[in-house]
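**Student:** The following comprises the amino acid sequence and a computationally predicted model.
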Amino acid sequence: MKTLAVHIVNFFFPPQCLSCNVIVPKHGALCTTCWHKVRFISAPMCECCGLPFSLADAGPRCAECLHTPPAFARARSALVYDDGSSILITRFKYSDLPQFGEVYGQWVAHAARELVSESDVVIPVPLHLWRFVSRRYNQSAIIALALAKTTGLPTWLEGLTRTRPTAHQTGLSRKERANNVRGAFIVTPKYQEQIRGKNVLLVDDVYTTGATLNACATALLKAGALRVNVATLARRTSE
Ligand SMILES: [Zn+2]
Ligand SMILES: [Zn+2]
């Protein structure tokens, strides 16, 4: 019976490629052309921030992590943020397609599998109020929920709160980004007791310079979290 229902749904709403909308065999998939355009991140990578290395790079840490270690312990991302994946992110952000979250949650769970096993709770980066209004939903929360569904970890969707509005990070230098978000997050009062001693998996859609993730990790550690790891859908690999 379930199979019949699936056939009926597929007849009226045929599965479409997540990126270009051509018909594909199942929901939540990419067509072959788009599949070849996205780059999944795999080893070798910086053991700390997950930046993919070319085979010529010497590990185990990238220059940035050696020079300025982040507040979070480790970060892992599913995709390189480039022309192939940015279409996926933009569609996910600005179209009303939260169903994309399920497959992205699975990709993130796979990329961050080592971190999942040492985490107690999943917390998404909170959205600006004005972004929430303009976008209707928080894509970090969608990924966090999907990740929680795949891994069985609990999720505190409102674990973090913004304390003030921050300027848009686009176009800012690495230093300006860090200053822009410093102190902009706190652990939400109702979780301030529970956060103590927890291993947190912090989730966002894109890791750009890591400034926002660092500010969130700092807030979580300040409130007593034992360790913060980061999982994102995509990762910018150049400035
Ligand atoms: Zn496609
Ligand atoms: Zn690194």
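**Tutor:** Right, received. Where do you want to start? Ligands and ions are numbered 1, 2, ... in the order given.

**Student:** going forward, measure contacts between C-alpha atoms and count neighbours the same way
**Tutor:** OK.

**Student:** Return the residues of the chain in contact with ligand 2.
**Tutor:** Taking CA under 5 Å from the ion as the contact definition, the chain meets ligand 2 at Cys46, Cys49, Cys62, Cys65.

**Student:** By neighbours, which of these wins?
**Tutor:** When neighbours are counted as other CA atoms under 10 Å, the busiest of these turns out to be Cys49, with 25 neighbours.

**Student:** for Val228, helix, strand, or coil?
**Tutor:** When the structure is split into helix, strand and coil by DSSP: H, G, I helix; E, B strand; the rest coil, Val228 lands in strand.

**Student:** what residues does this structure put near ligand 1?
**Tutor:** In this structure, the chain approaches ligand 1 at residues Cys17, Ser19, Cys20, Cys31, Cys34, judged by CA under 5 Å from the ion.

**Student:** Which of the helices or strands spans the last one?
**Tutor:** Going back to what we said before, that points to Cys34. helix 32-35 (DSSP states H and E).

**Student:** chain center to the following helix or strand past that helix, what's the gap?
**Tutor:** Following helix 32-35 in sequence order, the next helix or strand is helix 63-67 (DSSP H and E). Relative to its chain's centre, helix 63-67 lies at 22 Å (CA atoms, centre = their mean, to the nearest Å).

**Student:** Which secondary structure elements does helix 63-67 sit against?
**Tutor:** Helix 63-67 is packed against no helix or strand, with contacts defined by 3 or more CA pairs under 8 Å, 6 or more residues apart in numbering; DSSP states H and E.

**Student:** Can you name the residues in contact with that helix?
**Tutor:** Under the criterion CA atoms under 8 Å, 6 or more residues apart in numbering, residues Cys48, Cys49 lie in contact with helix 63-67.

**Student:** counting contacts, what elements does the helix or strand just after that helix pack onto?
**Tutor:** Next in sequence after helix 63-67, counting helices and strands by DSSP H and E, comes strand 75-80. For strand 75-80, the helices and strands in contact under the criterion 3+ CA pairs under 8 Å, 6+ apart are helix 100-111, strand 227-235.

**Student:** Make TSV from those and add distance to Thr150 to it.
**Tutor:** Supplementary listing: these in TSV, determined by distance: least, CA to CA, whole Å:
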stretch	distance to Thr150
helix 100-111	7
strand 227-235	14
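
**Student:** worst average pLDDT in those?
**Tutor:** The stretch with the lowest mean pLDDT among the helices and strands packed on strand 75-80 is helix 100-111, which comes in at a mean of 90.

**Student:** what does it rub up against?
**Tutor:** 18, 28-29, 41-42, 76-78, 92, 116, 139, 142-147, 150-151, 231-233.

**Student:** Try it again at 6 Å.
**Tutor:** Contacts to helix 100-111, defined as CA atoms under 6 Å, 6 or more residues apart in numbering, come from residues Gly28, Ser77, Ala78, Ile142, Ile143, Ala146, Leu147, Leu233.

**Student:** helix/strand/coil for Leu213?
**Tutor:** Leu213 falls in the helix class when you classify it by three-state DSSP.

**Student:** what pLDDT does Val38 get?
**Tutor:** At Val38 the predicted local confidence, pLDDT, stands at 93.

**Student:** ok, now Thr90?
**Tutor:** For Thr90, the predicted pLDDT is 85.

**Student:** quick one on the thing from earlier: generate a ChimeraX selection restricted to the buried subset of the residues of the chain next to ligand 1.
**Tutor:** The following ChimeraX selection, which keeps only the buried ones among the residues of the chain next to ligand 1, applies the criterion 16 or more other CA atoms under 10 Å:
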select :17,19,31,34
